[in-house]
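[1] have a look at this prediction, sequence included:
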Amino acid sequence: MAYYSVLDVTPTNNEWVSDYVSVSGDIVKKHGGKYLARTTSHEQIEGQAQNAALRIILAWPSKEAATNFMKDPEYAPHLEARTSGAISHHFLIEAKDDLA
């Protein structure tokens, strides 16, 4: 079953960003993931305002692929840099329609 990662990220400092961007894509690919969107071009059209500098959407072939990416030792220092240098929220969403 496919899964999606949906993140909102607002850097509190930019020291980690260039290094993170330069390596994260390869680590995502290693685990079968693909960036669908990684952008500052977004607008909220409904609900109470939840500002974020970046909105990111990734597709994963499985939940295991997503969690293996998050646990990858190569990714660990970049995850630590992002979480300490940004306000982030990460949702892992199963690609199914529970209401169908």
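    Arrived safely. Computed from a prediction, not measured in an experiment: that's the story for all the values here. Residues are numbered from 1 along each chain as shown.
[2] helices or strands up against the longest helix along the chain?
    With secondary structure taken from DSSP state H, the chain has its longest helix at helix 17-30. The elements that helix 17-30 packs onto, with contact taken as 3 or more CB pairs under 8 Å, 6 or more residues apart in numbering; DSSP states H and E, are strand 34-39, helix 63-71, helix 76-84. Just so you know, the C-beta spots here come from the backbone N, C-alpha and C atoms, and that holds for glycine as well.
[3] roughly how far is that helix from the heart of the chain?
    Computed by CA atoms, centre = their mean, to the nearest Å, the chain-centroid distance of helix 17-30 equals 11 Å.
[4] so for it, what gets flagged as buried?
    For helix 17-30, the neighbour count (16 or more other CB atoms under 10 Å) marks 17, 20, 24, 28 as buried.
[5] stretch 72-84 too?
    75, 78-79, 81-82.
[6] ok, now stretch 90-100?
    Those would be residue 90, for stretch 90-100 by 16+ other CB under 10 Å.
[7] how about that stretch as CSV, C-alpha atoms only?
    Provided in CSV are the C-alpha atoms of stretch 90-100 (Å, rounded to 0.1, in the frame of the first residue of the first chain):
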residue,chain,number,x,y,z
HIS,A,90,5.2,15.4,9.5
PHE,A,91,2.1,13.3,8.8
LEU,A,92,2.4,9.8,7.3
ILE,A,93,-0.8,9.1,5.4
GLU,A,94,-2.0,5.8,4.0
ALA,A,95,-3.2,6.1,0.4
LYS,A,96,-6.7,4.8,0.9
ASP,A,97,-10.2,6.1,1.2
ASP,A,98,-11.8,5.0,4.5
LEU,A,99,-15.0,6.7,3.5
ALA,A,100,-15.5,5.0,0.2
